[in-house]
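**Q** sequence? don't have it. structure:
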């Protein structure tokens, strides 16, 4: 009996392969000899782990996985991005909003319309208030000629028991503290980006006049923590700062932020398809995750604070090996690539128009006619024509629709496989530590 054609095989060395089964999430290390001549007990184990699933069995399994995903979706929060302005006082060379930046601001009338539409959507979908989050975004959302807009957002959220997250560069936080104090009950957290030690951060996130922003950003984090607000410091890793992460860890440790109960550190990779040069600005997901695993293991004091985002292709394998702990709550099948694609993120620009995700602001190709609009950007792999038959669809979730727009010749199947293959290659030494001569080693539990 041969393995299903959908099983992904990665050669680790002359004696071992890694098997990955996209039909149920199984990951196993198998001696190469068993792929040529399989003992009955090994065949029975692989049979139980779904490696010989027929096409009919696959279809039945996908229906089961849909149920797994739908049960998880009952608890996913909804995020409604509200852009207060497209203006910014930083001149970040890695900004993905270079083409949309302007002095445009959110008016009171447009804000009222946005709040009403979110309320109607919540009622129509029967969404509990605790799953509704307003995410203040920009530009820099705190550059406001009329701070009353900020106050009105917080007031509307308080009246509806919604929570508010503010994504800010931190430079203007001190000017709006009184408003946030008055509405403390609805303030979920502040997300402030610090991209490295002073020289590195300033090369990536200077003021628009070129001056250093590092001290102001670090000072904003200090101030918010002193006020008792939740701070989720963000670091966006790319070629310009990955090698300096140890220096940033040292700075965070010296500041004493790791001992602060309201401090968390979120790390993700830099990626943008319209403005950045991947060869110059970005690192592969595999190399980023490999480095974070090293950080995780070398700095155990970070483990209660460091959170990881945007592992679009590698989340399942990383979690299966336990390399970064339980850093997310869901590792079942990916029936959608991202939360916007699955219909849990909506982005309102300053004119009230709705867009697919933050990287598509004011892009007419990704404008949604309404919150409930049905289109390929918001359907699962089981409905999308090109995704349903794919052999790795439950690992990649269909790929990024924005990436496909900017790279129309992209073969998303080959791309997803290349990301996973690169990571397995980078980590094969660690994987082989689990291999046992003459034995099949099952790494994880099934979905």
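**A** Good, I have the coordinates. As the structure is a prediction and not an experimental result, all values here were calculated from the model.

**Q** Pretty sure residue 441 sits against residue 31.
**A** No - counting by Cβ atoms under 8 Å, residue 441 sits too far from residue 31 to count as a contact (9.3 Å). Using the backbone N, CA and C atoms, a C-beta is placed for each residue, glycine as well.

**Q** Residue 202 versus residue 214, what's the distance?
**A** Noted for residue 214: a distance of 5 Å to residue 202, by Cβ to Cβ, to the nearest Å.

**Q** Dig out what the closest residue in space to residue 288 that isn't next to it in sequence forms beta bridges with.
**A** Using Cβ to Cβ, 6 or more residues apart in numbering and skipping residues adjacent in sequence, the residue nearest residue 288 is residue 269, 4.8 Å away. Residue 269 has the following beta-bridge partners by DSSP bridges: residue 237.

**Q** ok, now which ones touch residue 269?
**A** Listed by Cβ atoms under 8 Å, 6 or more residues apart in numbering, the contact set of residue 269 reads 236, 237, 238, 282, 283, 285, 288, 310.

**Q** Identify the farthest-apart pair in the residues you listed.
**A** Of all pairs drawn from the contacts of residue 269, the one with the largest separation by Cβ to Cβ is 236 and 285; the distance is 13.3 Å.

**Q** ok, back up a step: ok, residue 441 and residue 31, which is more surrounded?
**A** Applying other Cβ atoms under 10 Å to residue 441 and residue 31 shows that residue 31 carries more neighbours, namely 18 against 15.

**Q** Would you mind confirming that that one makes contact with residue 440?
**A** Yes - shown here, residue 31 and residue 440 form a contact pair, counting by Cβ under 8 Å, at 7.5 Å.

**Q** ok, which stretches of the stretch 1-150 of the chain are strands?
**A** Listed in chain order, the strands of the stretch 1-150 of the chain (DSSP state E, counting those that start in this stretch) span residues 8-13, 16-21, 26-31, 78-83, 132-137.

**Q** would you turn those into TSV with mean pLDDT and distance to residue 60?
**A** Formatted as TSV, those follow (pLDDT from 0 to 100; distance: least, Cβ to Cβ, whole Å):
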stretch	mean pLDDT	distance to residue 60
strand 8-13	98	21
strand 16-21	97	15
strand 26-31	98	16
strand 78-83	98	31
strand 132-137	98	36
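
**Q** would you list those in JSON lines and tack on distance to residue 176?
**A** Formatted as JSON lines, the strands of the stretch 1-150 of the chain follow (distance: least, Cβ to Cβ, whole Å):
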{"stretch": "strand 8-13", "distance to residue 176": "50"}
{"stretch": "strand 16-21", "distance to residue 176": "48"}
{"stretch": "strand 26-31", "distance to residue 176": "48"}
{"stretch": "strand 78-83", "distance to residue 176": "15"}
{"stretch": "strand 132-137", "distance to residue 176": "10"}
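
**Q** can you list contacts of stretch 395-404?
**A** Taking Cβ under 8 Å, 6+ apart as the criterion, the residues outside stretch 395-404 that touch it are 20, 22, 273, 312-313, 316, 334-338, 341, 356-357, 359-360, 366, 376-377, 380-381, 384, 387, 390, 410, 412-413, 415-416, 420.

**Q** how about the strands of the stretch 1-150 of the chain, which one is nearest residue 447?
**A** For residue 447, the closest of these is strand 26-31, at 8.5 Å, according to Cβ to Cβ.

**Q** ok, residue 65 to residue 182 distance?
**A** Taking Cβ to Cβ, one finds residue 65 at 46 Å from residue 182.

**Q** meant to ask about residue 414, not that
**A** Using Cβ to Cβ, one gets 53 Å for the distance from residue 414 to residue 182.

**Q** between the two, who's got more neighbours?
**A** Taking neighbours as other Cβ under 10 Å, residue 414 and residue 182 compare with residue 182 leading, 12 against 9.

**Q** Tell me where this protein is predicted with low confidence.
**A** Using pLDDT under 70 as the threshold, the predicted model of the chain has low-confidence ranges 1, 327-331, 371-378.

**Q** Which strands or helices does the longest helix belonging to it pack on?
**A** Determined from DSSP state H, the single longest helix within the chain is helix 412-432. Where contact means 3 or more Cβ pairs under 8 Å, 6 or more residues apart in numbering; DSSP states H and E, helix 412-432 is packed against strand 8-13, strand 16-21, helix 285-298, helix 315-321, helix 393-396.

**Q** The first one: partners in the sheet, and parallel or antiparallel?
**A** Partner strands for strand 8-13, per DSSP bridges, with pairing direction: strand 16-21 (antiparallel).

**Q** for the partner strand, the distance to its chain's centre please.
**A** 26 Å (Cα atoms, centre = their mean, to the nearest Å).

**Q** What of stretch 128-148?
**A** Using Cα atoms, centre = their mean, the distance between the centre of stretch 128-148 and that of its chain works out at 20 Å.

**Q** which parts of that stretch are buried?
**A** Of all the residues in stretch 128-148, those buried under the rule 16 or more other Cβ atoms under 10 Å are 131-144.

**Q** In JSON lines: those residues, plus distance to residue 56.
**A** As requested, those are arranged in JSON lines below (distance: Cβ to Cβ, whole Å):
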{"residue": "131", "distance to residue 56": "37"}
{"residue": "132", "distance to residue 56": "41"}
{"residue": "133", "distance to residue 56": "41"}
{"residue": "134", "distance to residue 56": "46"}
{"residue": "135", "distance to residue 56": "43"}
{"residue": "136", "distance to residue 56": "49"}
{"residue": "137", "distance to residue 56": "46"}
{"residue": "138", "distance to residue 56": "51"}
{"residue": "139", "distance to residue 56": "52"}
{"residue": "140", "distance to residue 56": "54"}
{"residue": "141", "distance to residue 56": "52"}
{"residue": "142", "distance to residue 56": "56"}
{"residue": "143", "distance to residue 56": "58"}
{"residue": "144", "distance to residue 56": "59"}
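
**Q** Out of the residues you listed, which comes closest to residue 98?
**A** Comparing every one of these with residue 98 (Cβ to Cβ), the shortest separation belongs to residue 139, at 11.5 Å.

**Q** now that closest one: how far from residue 169?
**A** Note on residue 139: its distance to residue 169, by Cβ to Cβ, is 10 Å.
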